[in-house]
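# Any chance you can model this:
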Amino acid sequence: MGPHDDTRLSRRGFLAASGSAFAFSVVLGPVLGADAPSNKLNLAGVGVGGMGRAYLEGCRGENVIALCDVDADYAAGTFKQYPKARVYNDYRKMLDEEKGIDGVVIGTPDHTHALIAMAAMTMGKHIYCAKPLTRTVHEAMLLTETAGKTGVATQMSVQSDAAESQRTLCEWIWGGAIGKVREVHVWSDRPIWPQALDRPKETPPAPDGLDWDMWLGPAPQRPYHPIYVPFKWRGWYDFGTGALGDMGCHTFAHIAKVLKLGWPTAVHASSSRLYTETFPAASVVHWDFPARGDMPPVKVTWYDGGLKPRRPDELGDGENLGNDGLLWIGDEGTILGGFTGNGSRLIPEKRMKDFRPPDKTLPRSIGHYKEWCEACKGGPAAGCNFAFGGPLTAVVLLGNIALRRQHKLLWDAENTRFANDDEANKLLSEPYRDGWTL
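Below you'll find the predicted structure:
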């Protein structure tokens, strides 16, 4: 499945599915009335040993009728929590046999999101999917288009999209609190898993409860090793999307909605030593976005692995940037907050003391998980539905391609490809192992 195969998504189909140039200015959270449907959903979970278990708990009150996981031991606690749910280790068999499923909750590693979501959506099932939505840009675009065509309710697990901090930042910045925003800096304490590694030479047997071949799914064949599972797969190119893919969607959801972003015009990156199969220990990624309406061009910069932006002059003596955070730099001031905008404040301190926040004019969320459940029952679309979450994922993942290429990439939004690097274009869509197709 290369970038020039017939399965490649058309630009027209992607834009139609996303509803606008990128649907990054969608309504900030549904407001549901007292007449919202109250019937319970029949949910199935795929990949329920880790975050998938938390996602199902977020949907508590609905019926969990089926569970699927390739690692029976890792998922044992979740199986026990839902004793009436039928258990599978192959999502394809589950979807074929469980005709009563309304929605599928996906908590598997990144490299299997697209396959599971696509199979379920084409059967008319609503989808809640872990972030990032996919491992590749092509997959993100294809899921966006398919969600639009099928009309199913979708939500990506960007809980921060429902946060008060997002609405507050929109109201402050749209109200002119710091003037026109020209730069945004965001930094994360990730990775908190091993990366900057070479492939291990040892080939121990897989644990009895783990179906290693099913865990690999579409990824190239390789021997089992405990360096990959559970959770540690995030740093490997074949399975995960590194620190940026893991956490970037959370922060870019804020940045994209506050600044009404679309496609960037360019993306480039630098890092510590590059490895053949894993993401580096630390990286810096830059996106250049063009003007949008009355908003000027803006530069967004990501830092991970302990790297941080230059300390702003407005920060008081003795204060530090913290392990993760978000910095907005405007023509008339600066806002500093936690990683997803929590605790946002104007700096210096005196500026915040004198600041009168604007009235709350944007609708507030009813809750991240409830948004999706109500959307499944006929309510408004969830805030991080795939029309928003798909393009969001694609823009974030462009940064990972720049990280692997290590020079400035010029993005041709009209043709959804890089204008100056054919090798980078190959990374927009990567091959699947024989027997696995979208």
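# isn't residue 163 right next to residue 340, touching?
Yes: with contact defined as C-beta atoms under 8 Å, residue 163 and residue 340 form a contacting pair (6.3 Å). Backbone N, C-alpha and C define where each C-beta goes, glycine included.
# And stretch 53-65, end to end?
14 Å (C-alpha to C-alpha, to the nearest Å).
# quick one: contacts of it?
The set of residues external to stretch 53-65 that reach it, using C-beta atoms under 8 Å, 6 or more residues apart in numbering, is 40-45, 48, 75, 77-78, 81-82, 84-86, 98, 100-101, 105, 107, 128, 130, 157, 368-369, 372-373.
# at 6 Å what do you get?
40-43, 45, 78, 82, 85, 105, 107, 369, 373 (C-beta atoms under 6 Å, 6 or more residues apart in numbering).
# Need the buried ones from the residues you listed selected in ChimeraX.
Here is the ChimeraX selection string for the buried members of those, based on 16 or more other C-beta atoms under 10 Å:
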select :41,42,43,45,78,82,85,105,107,369,373
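# residues contacting the most centrally placed residue in the chain?
Nearest to the geometric centre of the chain sits residue 132, at 2.8 Å (C-alpha atoms, centre = their mean). By C-beta under 6 Å, 6+ apart, residue 132 lies in contact with 241, 245, 249, 393.
# Now for residue 332: which residues touch it?
Per C-beta under 6 Å, 6+ apart, neighbours of residue 332: 178-179.
# picking that back up, just give me the closest of the contacts of stretch 53-65 to residue 427.
residue 107 (25.3 Å; C-beta to C-beta).
# Inside strands: which ones of the contacts of stretch 53-65?
42-43, 45, 105 (DSSP state E).
# could I get the residues you listed as a markdown table with pLDDT and distance to residue 227?
Putting the ones in strands among the contacts of stretch 53-65 into a markdown table (pLDDT from 0 to 100; distance: C-beta to C-beta, whole Å) gives the following:
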| residue | pLDDT | distance to residue 227 |
| --- | --- | --- |
| 42 | 98 | 37 |
| 43 | 98 | 32 |
| 45 | 99 | 26 |
| 105 | 99 | 27 |
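# nearest to residue 210, of those?
Of the ones in strands among the contacts of stretch 53-65, the one sitting nearest to residue 210 (C-beta to C-beta) turns out to be residue 45, at 17.6 Å.
# quick one: the closest one from residue 120, how far?
12 Å (C-beta to C-beta, to the nearest Å).
# Kindly report the same for residue 68.
Distance from residue 68 to residue 120, by C-beta to C-beta: 11 Å.
# More neighbours: which of those two?
Neighbour count, other C-beta atoms under 10 Å: between residue 68 and residue 120, residue 68 has more, with 28 against 24.
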